[in-house]
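1. have a look; sequence and predicted model below, questions after that.
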Amino acid sequence: MEIESAIDGAKSTTLREPVGGTIKVAAGASIRRTITIDTAKYWPEASLRGKRQIALKWVGLTGAEATVRIVSDQHDLDLTKLDYTKTKVRLITSKGEIVIGFLPEVAPRHVENFVKLSKDGFYDGTRFHRVVKGFMVQGGCPNTKRGATGAPGTGSPGWTVRAEFNETKHVKGVVSMARAQGEDTAGSQFFLMHGEAPHLNGKYSAFAMIEQGIDVLDAIADTPVIPSRMGETSMPVEDLWLWAAVVEPNFKE
């Protein structure tokens, strides 16, 4: 098992987890640990790899315990074999976890697109860049990743999805796709409804519902915001990470 620590501040560096000794950290820095585990080495039977948990305790800082969930590699998932009415995606954010279930009966193309992007790791390491409490929280833009040069809110996966406007009401907990001016311009950006917005009904493709983690959505929406480059008071003052979008597959019988 390898553990790698990334310390981000005035000076950024990546180093192996030290044994003893001290590290100087700039004021306001954040510390992130990445753990790499060879699951095949410890659990040769592939069916067990998504059912294990490892309890860890960090030395130093708060000494807090952490539980790591081991999941199987999702990159090889065959999307044609998934039962989208039962398949879920777990959004692992810096505020907690949100589980969403899908509405393939009204927006099949958007459901498959979102699951594909999640499977491919497209959303991993993005940030929620637009927060309007009582309205919605928006994410899914690749320009919000570390090192990206484009403006947040303007990125895409390089393709668009044809609109699937439907009768689903845009109320708290609904997940819908953001788009540009044209109807068929949705790509990767999505928003989590934090309130009712009837003016969006029939004009945006709602494709999923939050099944667990409404409290996490509330925590994200509670983040203080400042004016964005567009003048809207919706830019979070802290990084709201979407560390990973993990597909929890359910297959057709």
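-> Cool, the structure landed.

2. how about the nearest residue to Gly121, chain neighbours excluded?
-> Spatial nearest neighbour of Gly121, excluding adjacent residues (C-beta to C-beta, 6 or more residues apart in numbering): His75 at 7.3 Å. C-beta coordinates here come from the backbone N, C-alpha and C atoms, glycine included.

3. where's that neighbour, which helix or strand?
-> His75 belongs to no helix or strand when assigned by DSSP states H and E.

4. and it, how many neighbours?
-> 9 (other C-beta atoms under 10 Å).

5. what's the answer for Asp215, then?
-> Using other C-beta under 10 Å, the number of residues around Asp215 comes to 11.

6. I figured it was touching Gly96, is that so?
-> Yes: with contact defined as C-beta atoms under 8 Å, Asp215 reaches Gly96; the gap is 7.2 Å.

7. so where's the chain shaky on pLDDT?
-> Applying pLDDT under 70 to the chain flags the ranges 1-73.

8. all strands of the stretch 1-150 of the chain, in order?
-> 2-8, 13-16, 30-36, 52-57, 65-70, 88-93, 96-102, 126-127, 130-132, 136-139 (DSSP state E, counting those that start in this stretch).

9. any idea how far Gly134 is from Thr223?
-> 13 Å (C-beta to C-beta, to the nearest Å).

10. again with Phe102
-> Separation of Phe102 from Gly134 (C-beta to C-beta): 25 Å.

11. cool, and Lys88?
-> The gap separating Lys88 from Gly134 is 26 Å, by C-beta to C-beta.

12. those two: which has the busier surroundings?
-> Remark: of Lys88 and Gly134, Lys88 carries more neighbours, 18 against 10, as counted by other C-beta under 10 Å.

13. ok, the more buried one - contacts?
-> Lys88 makes contacts with Val99, Ile100, Gly101, Phe102, Glu211, Val247, Glu248, Asn250, as judged by C-beta atoms under 8 Å, 6 or more residues apart in numbering.

14. spatially nearest residue to it, not counting backbone neighbours?
-> Glu248 (4.3 Å).

15. the one you found: how many residues sit nearby?
-> Residues near Glu248, counting by other C-beta under 10 Å: 15.

16. now it, what are its backbone angles?
-> Backbone torsions for Glu248, taken as degrees, to the nearest 10, come to phi -110, psi 90.

17. what of Gln212?
-> Torsion angles, degrees, to the nearest 10, at Gln212: phi -140, psi 140.

18. gap between it and Leu91?
-> Applying C-beta to C-beta, the value for Gln212 to Leu91 is 10 Å.

19. again, but for Gly147
-> 22 Å.

20. give me the more crowded residue out of the two.
-> Counted by other C-beta under 10 Å, Gly147 and Leu91 do not tie: Leu91 has more neighbours, with 25 against 5.

21. the more buried one and Val247 touch, don't they?
-> No: look at Leu91 against Val247 with C-beta under 8 Å: they stay out of range, at 11.0 Å.

22. what does stretch 159-166 contact?
-> Here stretch 159-166 makes contact (C-beta under 8 Å, 6+ apart) with 103, 106-110, 113, 177, 179, 183-187, 202-207.

23. at 6 Å what do you get?
-> Stretch 159-166 is contacted by residues Val106, Ala107, Arg109, His110, Asn113, Glu183, Asp184, Thr185, Ala186, Gly187, Gly202, Ser205 when judged by C-beta atoms under 6 Å, 6 or more residues apart in numbering.

24. what's in contact with the longest helix along the chain?
-> Using DSSP state H, we find that the single longest helix of the chain is helix 108-119. Contact with helix 108-119 is made by 74, 77, 84, 89, 102, 104, 161, 164, 177, 188, 205, 207, 245, 247, as judged by C-beta under 6 Å, 6+ apart.
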